[in-house]
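Fold the following for me, if possible:
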Amino acid sequence: MRVEQKIWQESGGWRDESPKTKGLLPQVVMVFGTRKCLKQKERFAEIRGFYPEAHIFGCSTAGEICGTRVYEDTIIITALEFEDTRVEGMQIKLNQVENALQAGKYIASSLPVEGLIHVLVLSDGLKVNGSDLVRGLISGLPPGISITGGLAGDGGYFEETLVFWDALPEPDNIAILGFYGNRLKVGYGSMGGWDPFGPERLITRSIGNVLYEMDGRSALELYKKYLGEFADGLPATGVFFPLSIRGQERGRSVVRAITAVNEEDQSLTFAGDVPTGAYARLMKANVGRLIEGAIDAAKTSVTPRKGSNTGFALLISCFARRVVLGQMTEEEIEEVDQIMGSETVLAGFYSYGEISPFRLGEKTELHNQTMTITTFWEE
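Alright, predicted model coming up:
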C-alpha cells in the first residue's frame, strides 16, 4: 500500500504534503475541503489531472485533517494505491429515494458483494436522518460487512453540505465506497468524552430525529433553560450541549447533536434518532476526557493490526470537538498519531455526524461528538 497527499490553499495553490511517490497509480483519491473551496470547479479538474485513472471520493467539512495538522479553507487530497485491493463506489441524490432508510438500502445493495469486506459512506450532513441511513445500509449489505463513515460538514454555517463520487461536489448526495480483497485489513473505533449533567428526562414526543417534548415539556424550552446565554446562538451553540440517548433497557448510550431549531413548534432536529420512550440527558464538554476518547478510539482501531505495514488512518471527528478543544484541537490528533506510528498516514475531516461501531464486533451506529477512526492496511 502506498499513500500520497497534497493540499490546496488560496494563498499558494497546490503543494505536496508528502514526498512524491514515483509511479503511483492510486485506485481512489479521498478529498476533503471547505464548501467554498470545493465549489471551485477548476479544483476538481486539477485533482483529476493529478490522478486521471483514480476514483474521486469526498465531501465538504467543518475543518480538514492532514497528518497532525488541522486546517480550514483548504482542500486535502489523499491518494491511495493498494497492492491487492480493488474498490467500487457510487452516489445517489436524495430526491431519487423516499427517505434516508431507502437511500441506505438502495445504495448498499447496489455494490457487488463478492469479496466485499468494508464499506465507507459519506452523506449530506443536514438533510439526512443518519440513524435511518445506517439502518438502511445494514439491511442492504450481507451480514458481517463493517461500515464506517460520516456526515459532511459546513463549518459553523449549517447551510449546505457537499458529497461526491467521480463527479463535481454537490448538495443532497450520499456516496459509498466498497473495499474488496483478502489482504486488506480494516480496524475502527469511535469514542466520545462528554460529561452528563442535569436530570435524565423521558422523551415523551418525537418523530424520527425531531424532538418535541421531554417529560411533557417543550424540548426547546428545556434546552434554552439549561443553555442560558448560549441559547441565542442555537443551533450552532448546541454543539457544546449534546444529548445522551439511551433506550429503556440499560445499555450503551449514543450521543446526538442539534442540526436545526424550529421556534414555531418548539422542536429540535438532531443528526440521528431521538425515539419516544428513550431517556435523554444533557451533556457538556470535558477537555481532558475528549482527548482520552480520541486515544481510546485510536487504540481500538489498531487492535487487529500486526507488524508495521504502511497504512492509512481516516479520522472523522465531530465539529463540536474542534469548537470545544480550540487551541488544543491538534493535541488530540497528535495523540492519535503517537498510537498509529510513523508508518501510518493520517487524513480526515470534522463532521456533523460519525458512522461506526464503537469497537470491533459491535453494531454500526450513528454517533455525534465522537472521534471515529478507520484504519486500512494490507498484509
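
Tell me where the stretch 201-350 of the chain has strands.
For the stretch 201-350 of the chain, applying DSSP state E, counting those that start in this stretch gives strands covering 201-207, 210-214, 217-218, 243-246, 254-256, 258-262, 267-270, 279-285, 311-318, 344-351.

Nearest to residue 48, out of the ones you listed?
Closest approach to residue 48 among the strands of the stretch 201-350 of the chain (CB to CB): strand 344-351, 18.8 Å. C-beta here means a position set from N, CA and C on the backbone, and glycine is covered the same way.

now the helix or strand following that closest one, how far from the centre of its chain.
Scanning the chain past strand 344-351 towards its C-terminal end, the next helix or strand to appear is strand 353-356 (assignment: DSSP states H and E). A distance of 5 Å separates the centroid of the chain from that of strand 353-356, by CA atoms, centre = their mean, to the nearest Å.

TSV please, covering the strands of the stretch 201-350 of the chain and showing mean pLDDT, distance to residue 7 and mean neighbour count.
What follows is the strands of the stretch 201-350 of the chain, written out as TSV (pLDDT from 0 to 100; distance: least, CB to CB, whole Å; neighbours: other CB atoms under 10 Å):
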stretch	mean pLDDT	distance to residue 7	mean neighbour count
strand 201-207	96	42	17
strand 210-214	96	38	23
strand 217-218	94	46	16
strand 243-246	90	35	21
strand 254-256	87	31	26
strand 258-262	88	28	19
strand 267-270	92	33	23
strand 279-285	88	29	20
strand 311-318	95	16	26
strand 344-351	96	10	26
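
now those strands as a markdown table including distance to residue 64?
A markdown table is the format used below for the strands of the stretch 201-350 of the chain (distance: least, CB to CB, whole Å):
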| stretch | distance to residue 64 |
| --- | --- |
| strand 201-207 | 34 |
| strand 210-214 | 31 |
| strand 217-218 | 38 |
| strand 243-246 | 27 |
| strand 254-256 | 23 |
| strand 258-262 | 21 |
| strand 267-270 | 25 |
| strand 279-285 | 22 |
| strand 311-318 | 10 |
| strand 344-351 | 6 |
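
Among those, single out whichever gets nearest to residue 163.
When these are compared for distance to residue 163 using CB to CB, the nearest one is strand 344-351, at 11.5 Å.

Phi, psi for residue 17 please.
Residue 17 adopts backbone torsions of phi -100, psi 0, taken as degrees, to the nearest 10.

sorry, that was for residue 91
In terms of degrees, to the nearest 10, the main-chain angles of residue 91 are phi -140, psi 160.

Check residue 46 too.
Taking degrees, to the nearest 10 as the convention, residue 46 sits at phi -70, psi -40.

quick one: it from residue 283, how far?
Distance, residue 46 to residue 283, using CB to CB, to the nearest Å: 42 Å.

quick one: secondary structure of the residue nearest the centre of the chain?
Averaging the C-alpha coordinates of the chain gives a centre point, and the residue nearest to it by CA atoms, centre = their mean is residue 150 (2.4 Å). Here residue 150 is recorded as strand under DSSP: H, G, I helix; E, B strand; the rest coil.

Quick one: closest of the strands of the stretch 201-350 of the chain to residue 170.
Each of these was scored for nearness to residue 170 using CB to CB, and the closest is strand 344-351 (17.2 Å).

Provide the angle between the direction of that closest one and the direction of strand 311-318.
Interaxial angle of strand 344-351 relative to strand 311-318 (axes from the mean of the first three to the mean of the last three CA atoms, to 10 degrees): 20 degrees.

quick thing: my sequence starts at 11, can you match it?
Sounds good: first residue 11 from here, last item strand 354-361.

Low-confidence regions, the stretch 161-310 of the chain specifically.
Under the criterion of pLDDT under 70, the regions of the stretch 161-310 of the chain flagged as low confidence span 259-261.

Break down the stretch 111-260 of the chain into its helices, ranges please.
Counting by DSSP state H, counting those that start in this stretch, the stretch 111-260 of the chain forms helices over residues 140-150, 229-237, given from the N-terminal end onward.

Please spell out which residues along the longest one are buried.
Put plainly, it is helix 140-150. Neighbour counts over helix 140-150 (16 or more other CB atoms under 10 Å) mark 140, 141, 142, 143, 144, 145, 146, 147, 148, 150 as buried.
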